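Chemist: give the three-dimensional model of this entry:
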Amino acid sequence: MTTDAHQACFEAGIKFGSLYHQFAGTPVSPASTRSLEVAMAEAIENQPYCESVDVTVHDDRVADAIDHENGYTELTGSLMDVEMRIAYEGVDVHTRMRMVDGYPLMELVAVGD
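Modeler: Here you go, the predicted structure:
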């Protein structure tokens, strides 16, 4: 039997999968990080049960990843941090993605009513 908390966590996973795989590979430069953050957050917030999304694309990481004269790199998980709040049937789920030991780890922060 699936609980509302299970479903809320599942919804959070769907949102992260969508965010990551929809935007990975997007060209990004230090000049475009803010607009990309907004586009990513607004796209994911369109999905059901998504209450908020906060995307931070780190300018310094983007600048360090540029390895050619064209002035941009491709977006990867190592360049950003993400926090999301999902609300399903009265259950709030707080999640985040951040770099942990060189890996963009997606994790549950809190599950509650």
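Chemist: pLDDT weak spots in the protein?
Modeler: For the chain, the stretches flagged by pLDDT under 70 are 113.
Chemist: would you map the helices across it?
Modeler: Counting by DSSP state H, the chain has helices at residues 4-23, 33-45, 59-65.
Chemist: quick one: the longest one to chain centroid distance?
Modeler: Here the centre of helix 4-23 is set off from its chain's centre by 10 Å, with Cα atoms, centre = their mean, to the nearest Å.
Chemist: quick check: the residue most central in space within the chain vs residue 12, distance?
Modeler: With distances taken as Cα atoms, centre = their mean, the residue of the chain nearest its centroid is residue 82 (3.9 Å). From residue 82 across to residue 12, the span is 11 Å (Cβ to Cβ, to the nearest Å). For the C-beta atoms, the positions are set from N, CA and C on the backbone; glycine is no exception.
Chemist: could you do residue 99 as well?
Modeler: Separation of residue 99 from residue 12 (Cβ to Cβ) stands at 19 Å.
Chemist: between these two, which one's more packed in?
Modeler: residue 12 (24 against 15; other Cβ atoms under 10 Å).
Chemist: correct me, but that one touches residue 108?
Modeler: Yes. Between residue 12 and residue 108 there is a contact at 7.0 Å, judged by Cβ atoms under 8 Å.
Chemist: the residue nearest to the residue nearest to the centre of the chain when sequence neighbours are not counted: neighbouring residues, count only.
Modeler: Residue nearest to residue 82 in three dimensions, not counting chain neighbours: residue 97, with 4.3 Å by Cβ to Cβ, 6 or more residues apart in numbering. Residue 97 has 19 neighbouring residues, counting by other Cβ under 10 Å.
Chemist: what do you get for residue 105?
Modeler: Residues near residue 105, counting by other Cβ under 10 Å, number 12.
Chemist: that one against residue 82, yeah?
Modeler: No. In this structure, residue 105 is not within contact of residue 82 by Cβ under 8 Å, at 10.9 Å.
Chemist: overlap in contacts, those two.
Modeler: Residues touching both residue 105 and residue 82 (Cβ atoms under 8 Å, 6 or more residues apart in numbering): 97, 98.
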